[in-house]
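Peer 1: just the structure for this:
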Amino acid sequence: MLAFAAALVLCGGSPQAIAETLVTGVEGVLHDNVLAYLEVDNLDCDTDDFLVQRAVADAVGQATEALNAYGYYAPTIATRLGDGVECWLAEVTIDTGEPVRLRTVDIRIEAPADNPQLFAPVTSGHLLLPDAPLSYAEYDGLKRQLRDIASSRGYAEAAFTESRIDVYPEEGVADLYLHFEPGPRYALGEVTVNQTGLTPEFVDSFHELEPGIPFDNRLLTTTFIDLNNSGYFSSIDVRALEADPVARTIPVSIDLLPSPRRVVSYGFGYSTDTGPRFRFARTIRRFNENGHQLMLDAMLSPVVSEFTSIYRMPVENPRFDWLNFNLGAKREETDTSLARSIEAGVRRVVTRTNDWSRTTYLSYIVEDFEVASQAGRPHLLIPGVGWTRIRGDDAIRPSRGSKLAFELRAADEQLLSDTSFVQVTAQMKWVRSVTGRGRVLLRGGAGYTVDDVFADLPPSIRFFAGGDYSIRGFDFESLGPVDENGEVIGGNRLIELSAEYEHDIRDKWSIAVFADGGNAFDETGFDMRTAAGIGTRWRSPVGPVRIDIAWPVNDPEHGPRFHISLGPDL
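Peer 2: Residues are numbered from 1 along each chain as shown. Sure, this is the predicted structure:
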């Protein structure tokens, strides 16, 4: 195998000749290790002949040292310096001979009494066994893993009471002795937090570092992640300080620099559902020293325009539990409906350790609407609860992931509402990589509403189908039951399904084929609408951009429709 040791040197715009080092007789890790040791492999054609000749002469000793690391103590090595294609060629021919094998293997790893399985993953997986080839890399790796595990769990006095390898090259054997004692486990010492702008009690709620508990470096990692996810800090340094052998404690220091208090963002986008849209957002991360936040968000588009203000405050633990007070207004005009609404409400969002988040809420909505010949202005007090779980190996474009969402909401005319209903919805997304360059994406949704008078329900409670994230090939919210004039009025039930295969064709580009089906419907019957199409995907810096063209399969009155959308897959 060839190793091209001399890089291209620019000279007048063209590369110079390349020196070559050819190592034969070994392969794999032995070949790579030999090359790493050879000085001649780092020389180029401009090197003085004297230095090249000396490096070739030294190659025997260097290759021998490289092979010793893998237990080969009696190799036969020959070198030759000759002419290559354009420059000199250094040849190193190796006969490794038989490796030195382990005869005595005396490995004693004392397990801590409070955690007898602490070192089991390491001690059960090493290859230092009797009659196995001697490998210093395996030996050093085992020692490093033992030290790392002990240090990360607070065994600050861990030490090797014996650590040696006796090699007998003439006999072709080696005796290995490795004795390791973890010593006592240290406790977590004083936790010092340096920060400004927030109360110490609020910052302390982001970690579980209590002096006196057994030290565990994983708690420090979790603390860093939680502080980073909070958004309050621009710089985070969580580190263990020098251990105190007298008190047998390990103190911890947390140094934090605040993020900008105010964040303003603007955004422009486009989708076939809403057309061009402009978004403005302003966030006050630290509304007060207790960590409360204020967010203002506005979006303008020809179809949907809305303004929302949210005041957020932690309830118990800011890592998992928040209370949101929201006030907003929205206007939505589609081909099937026109709605203007004002909403005020409160939401409690609790994130569980099993990836599920639960949102319980109470909203008061006044919605002025027109749907075909139906119109109204109902007042609705809506309590609800929803559960969401998102899992994926990438937040934007996962190769493996899923999303589940369920919601239950209701209103009762006996409780400050003009009409009554109970509604449940469910959504599912599933992504898996296949064949190395492809992905399968499945999507499904369903909804069911029990109502007193359907005509009294505003569009935000009714179900419609069609659009970029529904059934492609049809206009946004253009599908559903119709009135006597043939105008879509929506339904109280919904079923949507989608299957897509995406295949990478270039670095950030892929193509897709898909099929969508479903509809909104009522008790009179389900009118299945289906569409199929092709599309392209571009992985932009802000997320996947999807450009699709879809053809309705069972609706000849509609021609193909283009769809453009942007956003994460889950």
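
Peer 1: rest of the way, CA atoms for contacts and neighbours
Peer 2: Will do.

Peer 1: check contacts around the closest residue to Arg539 other than its chain neighbours.
Peer 2: In this structure, Arg539 finds its nearest non-sequential neighbour in Lys508, 5.2 Å apart by CA to CA, 6 or more residues apart in numbering. If you count contacts by CA atoms under 8 Å, 6 or more residues apart in numbering, Lys508 has them with Trp538, Arg539, Ser540.

Peer 1: among these, which lie within strands?
Peer 2: Trp538, Arg539, Ser540 (DSSP state E).

Peer 1: how about the residues you listed in JSON lines, adding pLDDT and neighbour count?
Peer 2: Output for the ones in strands among the contacts of Lys508, formatted as JSON lines (pLDDT from 0 to 100; neighbours: other CA atoms under 10 Å):
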{"residue": "Trp538", "pLDDT": "93", "neighbour count": "18"}
{"residue": "Arg539", "pLDDT": "90", "neighbour count": "16"}
{"residue": "Ser540", "pLDDT": "86", "neighbour count": "12"}
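
Peer 1: what is the nearest of those residues to Tyr70?
Peer 2: Nearest to Tyr70 among the ones in strands among the contacts of Lys508, counting by CA to CA, is Arg539 at 44.8 Å.

Peer 1: so what's the residue lying closest to Val434 once chain neighbours are set aside bridging to?
Peer 2: Residue nearest to Val434 in three dimensions, not counting chain neighbours: Val440, with 7.1 Å by CA to CA, 6+ apart. Taking DSSP bridges as the rule, Val440 bridges to Arg432, Tyr501.

Peer 1: the one 10 residues further on now?
Peer 2: Beta bridges link Val450 to Val422, judged by DSSP bridges.

Peer 1: dump the residue contacts of it.
Peer 2: Counting by CA under 8 Å, 6+ apart, Val450 has contacts Phe421, Val422, Gln423, Asn492.

Peer 1: report pLDDT for Phe454.
Peer 2: Per-residue pLDDT puts Phe454 at 94.

Peer 1: likewise for Cys87?
Peer 2: 87.

Peer 1: low-confidence ranges, this structure, go.
Peer 2: 1-18, 85 (pLDDT under 70).

Peer 1: middle-most residue in it, spatially?
Peer 2: Asp394 (3.4 Å; CA atoms, centre = their mean).

Peer 1: what distance do you get for that one to Ala247?
Peer 2: 43 Å (CA to CA, to the nearest Å).

Peer 1: again, but for Ala372
Peer 2: For Ala372, the distance to Ala247 (CA to CA) stands at 78 Å.

Peer 1: and those two? Which one has more around it.
Peer 2: Set Ala372 next to Ala247 and count neighbours by other CA atoms under 10 Å: Ala372 wins out with 18 against 10.

Peer 1: check which residues of the biggest helix by length in the chain are buried.
Peer 2: Secondary structure of the chain per DSSP state H: the longest helix is helix 49-68. By neighbour count with 16 or more other CA atoms under 10 Å, helix 49-68 contains the buried residues 52, 55-57, 59-60, 62-68.

Peer 1: so which elements touch it?
Peer 2: helix 28-37, strand 76-83 (3 or more CA pairs under 8 Å, 6 or more residues apart in numbering; DSSP states H and E).
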